[in-house]
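In: what would the 3D arrangement of this be:
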Amino acid sequence: MLSKLRTLCLKGIDGREVSAEVYIAPGLPAYTVVGLPDAAVKEAKDRVVAAVRNSGYEFPSKRITVNLAPAEIKKAGTHFDLPIALGVLGASGKLGKKPPARLADTFFIGELALDGAIRPVAGVLPMLLALKGSGKTAIVPFGNSAEAAVSGVTCLAASTLKEAAAWLTGELELNPCLPAPDQKPVSACAPDFSEVKGQAFAKRALEIAAAGFHNVIMVGPPGAGKSMLARRFGALLPPMTFDESLETTKLYSVSGLGLTGRLVRERPFREPHHTISDAALIGGGSSPRPGEVSLAHNGVLFLDEFPEFSRPAIEALREPLEAWRVTVSRVKESVAYPARFLMVAAMNPCPCGYLGHPTRECACTPLQVHKYRAKVSGPILDRIDLHVQLSAVKFADWEALPKGEPSAVIAGRVLKAIEIQRKRFSGETRANAFMAGAELRRHCALPEGASAVLETAMNKLGFSARSLDKILKISRTIADLEGAAAIKREHVIEAVQYRMLDKAAELTAGI
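Out: Numbering: from 1, shown residues only. Now for the predicted structure:
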């Protein structure tokens with residue numbers, strides 16, 4: 001007898017419909033899965049057998065063939081357990097002589113425990129979004145019910161295989177999935193920019209970075225406040241839109257981090273250790289998964305001790321910093337993950353950290369300094385908009401009570417600048433950092449006298465053409481923060497100060 005059920009699979013972060021066909025034929029007991037399954041799908045046999053028997057059903061001792069169609073899409077994950085088990089029950093006549101009427105418009109997702117319980121799985125939200133607007137129903141694990149409720153699809157929660165089977169035959173009604181309670185408000189004790197002593201130049205640079213979504217690198221001695229500034233940077237960014245929250249939540253769901261059942265409302269802040277591999281940073285694996293750059297999508301990726309990351313990991317950032325997406329190609333498939341993140345990198349001026357320090361002597365040789373600086377290549381620096389030099393904090397700044405502006409005040413200015421950009425681009429792009437080509441020339445016209453500034457920067461400081469484009473984008477953001485309709489010469493002069501790491505002979509200004 002043949003039984004057909006409908007389920008879903010993932011292709012990157014997008015859901016695809018899959019037909020689970022189960023055929024039971026006379027012959028020696030056998031179990032075969034076809035349709036390009038991975039190891040987890042093949043291992044479903046033992047889980048399905050135990051779950052069916054422990055749910056009070058007899059497992060057929062015949063030849064069972066499971067086909068997951070379309071066959072050209074790789075099937076990965078344990079969420080095929082539930083449709084396969086229900087297919088076995090249907091093909092063996094346990095659900096009635098005729099296929100239940102509810103099968104036609106229902107999709108099934110869930111991993112089975114050996115006792116027949118249905119366990120939550122990763123990727124439920126992106127899979128269900130493929131059904132949005134179709135009028136279909138989905139049966140999901142009870143542990144995924146809050147996440148499924150976010151999708152906008154009609155979803156019912158089942159706790160066991162027996163409950164799902166009873167719902168198909170009309171013997172039991174399942175409860176609809178309900179959204180999780182609202183998140184708790186952010187604590188009033190959250191880190192604030194007013195706590196940072198001194199570093200007015202760095203604070204100004206981070207304000208510009210937040211307003212125009214510009215990547216930034218901070219260079220300074222240990223204890224200057226690089227990490228402290230970076231961890232407070234997220235407070236300057238505007239709240240995420242619904243589309244941004246949904247896209248970010250999809251990535252977290254695929255990675256198994258979205259089982260709380262809530263949309264990700266706060267912008268992500270990812271801080272990987274410098275020992276991370278290039279595959280973990282960018283994404284990949286035998287069964288591709290999003291990396292840290294994608295988990296930081298619509299948020300902040302903080303790379304502390306930037307030169308200590310491996311050379312392959314640093315160089316792998318080139319494409320995401322330009323294209324805002326990562327494409328992972330394998331022999332059998334190719335998937336793309338969004339990676340529109342704002343990178344904040346931090347590094348010391350030398351291995352010991354005290355090159356150029358006003359009171360402490362550097363213990364590094366010129367060769368050691370050269371090797372340390374060479375770890376961050378020119379093409380990577382070219383792709384980072386803002387280069388910020390931090391100096392050691394003076395005792396007078398440290399002793400004084402916090403007098404700086406709180407994060408909320410700076411964030412208010414940032415939001416006004418972002419609103420100007422949204423009106424300017426009318427949905428074409430979301431920030432000044434994304435401008436390119438004719439769009440850049442149209443919105444970043446140079447005022448009188450500014451061309452001479454850029455010419456001097458290119459000829460004397462060795463700036464590349466990409467660096468000049470970055471200066472134009474930064475100038476536009478500075479003008480937006482001031483509410484100016486056009487870029488002024490002083491905006492260009494200030495923007496040049498944030499590109500000093502492009503100098504061919506020096507890594508930091510003033511060395």
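
In: helices and strands of the protein: which one bottoms out on pLDDT?
Out: helix 395-399 (a mean of 67; mean pLDDT, DSSP states H and E).

In: what mean pLDDT does the helix or strand following that helix get?
Out: Downstream of helix 395-399, the first helix or strand assigned by DSSP states H and E is helix 407-425. Regarding helix 407-425, the rounded mean pLDDT is 93.

In: same for helix 407-425, what does it pack against?
Out: Contacts defined by 3 or more C-beta pairs under 8 Å, 6 or more residues apart in numbering; DSSP states H and E place helix 407-425 against helix 200-212, helix 465-482. Backbone N, C-alpha and C define where each C-beta goes, glycine included.

In: buried sites along that helix?
Out: Neighbour-count burial for helix 407-425 flags 407, 410-411, 413-415, 417-418, 420-421, 424-425 (criterion: 16 or more other C-beta atoms under 10 Å).

In: name the nearest residue to the residue nearest the centre of the chain, ignoring sequence neighbours.
Out: Geometric centre of the chain, nearest residue: Leu295, 2.4 Å, by C-alpha atoms, centre = their mean. Closest residue to Leu295 apart from its sequence neighbours, by C-beta to C-beta, 6 or more residues apart in numbering: Arg270 at 5.4 Å.

In: roughly how far does the one you found sit from Asn348?
Out: Distance from Arg270 to Asn348, counting by C-beta to C-beta, to the nearest Å: 21 Å.

In: these two: which has the busier surroundings?
Out: Under the neighbour definition other C-beta atoms under 10 Å, Arg270 and Asn348 were set side by side, and Asn348 has more, 22 against 18.

In: where does the more buried one fall, phi/psi-wise?
Out: phi -90, psi 160 (degrees, to the nearest 10).

In: do the same with Met347
Out: phi -150, psi 160.

In: tell me who's in contact with it.
Out: With contact set as C-beta atoms under 8 Å, 6 or more residues apart in numbering, Met347 has these partners: 217-219, 305-307, 376.

In: swap in 6 Å and give it another go.
Out: 219, 306-307 (C-beta atoms under 6 Å, 6 or more residues apart in numbering).

In: how about Leu125?
Out: 147, 151, 250, 253.

In: make it 10 Å
Out: Leu125 makes contact with 13, 15, 144, 147-151, 153, 246, 249-254, 258-259, 261, 263 under the criterion C-beta atoms under 10 Å, 6 or more residues apart in numbering.

In: model confidence for the residue nearest to the centre of the chain, exactly?
Out: In this model, Leu295 carries a pLDDT of 95.

In: mind listing what it touches?
Out: Neighbours of Leu295 in contact, by C-beta under 10 Å, 6+ apart: 248, 251-252, 254-255, 257, 268, 270, 272, 283, 289, 301, 337, 339, 341.

In: what's the separation between it and Leu251?
Out: 6 Å.

In: find the residues that touch each one of those two.
Out: Common neighbours of Leu295 and Leu251 (C-beta under 10 Å, 6+ apart) are 257, 268, 283, 289, 337, 339.

In: so where's the stretch 101-250 of the chain uncertain?
Out: 182-190 (pLDDT under 70).

In: where do the strands sit along it?
Out: 106-108, 111-112, 118-119, 137-141, 154-158, 175-176, 216-219 (DSSP state E, counting those that start in this stretch).

In: okay, these in JSON lines with mean neighbour count and distance to Pro358 next?
Out: Formatted as JSON lines, those follow (neighbours: other C-beta atoms under 10 Å; distance: least, C-beta to C-beta, whole Å):
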{"stretch": "strand 106-108", "mean neighbour count": "25", "distance to Pro358": "66"}
{"stretch": "strand 111-112", "mean neighbour count": "25", "distance to Pro358": "60"}
{"stretch": "strand 118-119", "mean neighbour count": "24", "distance to Pro358": "59"}
{"stretch": "strand 137-141", "mean neighbour count": "25", "distance to Pro358": "60"}
{"stretch": "strand 154-158", "mean neighbour count": "22", "distance to Pro358": "62"}
{"stretch": "strand 175-176", "mean neighbour count": "12", "distance to Pro358": "66"}
{"stretch": "strand 216-219", "mean neighbour count": "24", "distance to Pro358": "15"}
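
In: any chance of the ones you listed in JSON lines, plus distance to Arg231?
Out: Compiled in JSON lines, these are given as follows (distance: least, C-beta to C-beta, whole Å):
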{"stretch": "strand 106-108", "distance to Arg231": "42"}
{"stretch": "strand 111-112", "distance to Arg231": "36"}
{"stretch": "strand 118-119", "distance to Arg231": "35"}
{"stretch": "strand 137-141", "distance to Arg231": "35"}
{"stretch": "strand 154-158", "distance to Arg231": "37"}
{"stretch": "strand 175-176", "distance to Arg231": "40"}
{"stretch": "strand 216-219", "distance to Arg231": "12"}
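
In: so which of these comes closest to Glu195?
Out: strand 216-219 (16.8 Å; C-beta to C-beta).

In: next step: the contacts of Leu295 restricted to helices.
Out: 248, 251-252, 254 (DSSP state H).

In: list just the nearest of those residues to Leu367.
Out: Closest to Leu367 out of the ones in helices among the contacts of Leu295 is Leu251 (42.3 Å), distances taken as C-beta to C-beta.

In: tell me which residues touch the closest one, please.
Out: Contacts for Leu251 (C-beta under 10 Å, 6+ apart) come out as 12-13, 125-126, 257-258, 264, 268, 283, 289-290, 294-298, 337-339.

In: mind running it again at 7 Å?
Out: If a contact means C-beta atoms under 7 Å, 6 or more residues apart in numbering, then Leu251 has 13, 290, 294-295, 297, 337 as its contacts.

In: list the contacts for Val33?
Out: 41-42, 66.

In: which of the three states applies to it?
Out: The three-state assignment at Val33 reads strand, by DSSP: H, G, I helix; E, B strand; the rest coil.

In: got a pLDDT number for it?
Out: At Val33, the model reports a pLDDT of 94.

In: report the buried residues of the strand ranked longest in the chain.
Out: In the chain, assigned by DSSP state E, the strand with the most residues is strand 14-25. Neighbour counts using 16+ other C-beta under 10 Å place 15, 17-18, 20-24 of strand 14-25 among the buried residues.

In: Val492: which of the strands of the stretch 101-250 of the chain is closest?
Out: It is, among these and with distance given as C-beta to C-beta, strand 216-219, at 18.5 Å.

In: chain center to the closest one: distance?
Out: 21 Å (C-alpha atoms, centre = their mean, to the nearest Å).

In: same check, this time on stretch 295-315
Out: Distance, centroid of stretch 295-315 to centroid of chain: 13 Å (C-alpha atoms, centre = their mean).

In: try stretch 101-110
Out: Per C-alpha atoms, centre = their mean, the centroid offset for stretch 101-110 relative to its chain is 31 Å.

In: neighbours of Ser451, how many?
Out: Ser451 has 12 nearby residues by other C-beta under 10 Å.

In: save the helices and strands packed on helix 407-425 as a markdown table, and put in mean neighbour count and distance to Ala164 too.
Out: What follows is the helices and strands packed on helix 407-425, written out as a markdown table (neighbours: other C-beta under 10 Å; distance: least, C-beta to C-beta, whole Å):
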| stretch | mean neighbour count | distance to Ala164 |
| --- | --- | --- |
| helix 200-212 | 23 | 48 |
| helix 465-482 | 23 | 54 |
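
In: mind checking which of the ones you listed is nearest Glu315?
Out: Taking those one by one with C-beta to C-beta, helix 465-482 is closest: 16.2 Å.

In: what's the closest one in contact with?
Out: With contacts defined as C-beta under 7 Å, 6+ apart, helix 465-482 is touched by 208, 211-212, 214, 382, 385-386, 413, 417, 420-421, 432-433, 435, 440, 443-444, 454, 458, 486-488, 491-492, 494-496, 498-499, 502.

In: what of stretch 103-119?
Out: With C-beta under 7 Å, 6+ apart as the criterion, stretch 103-119 contacts 5-8, 47-48, 50-51, 54-55, 78-79, 81-83, 85-86, 121, 124, 127, 131, 136-143, 158-162, 168.
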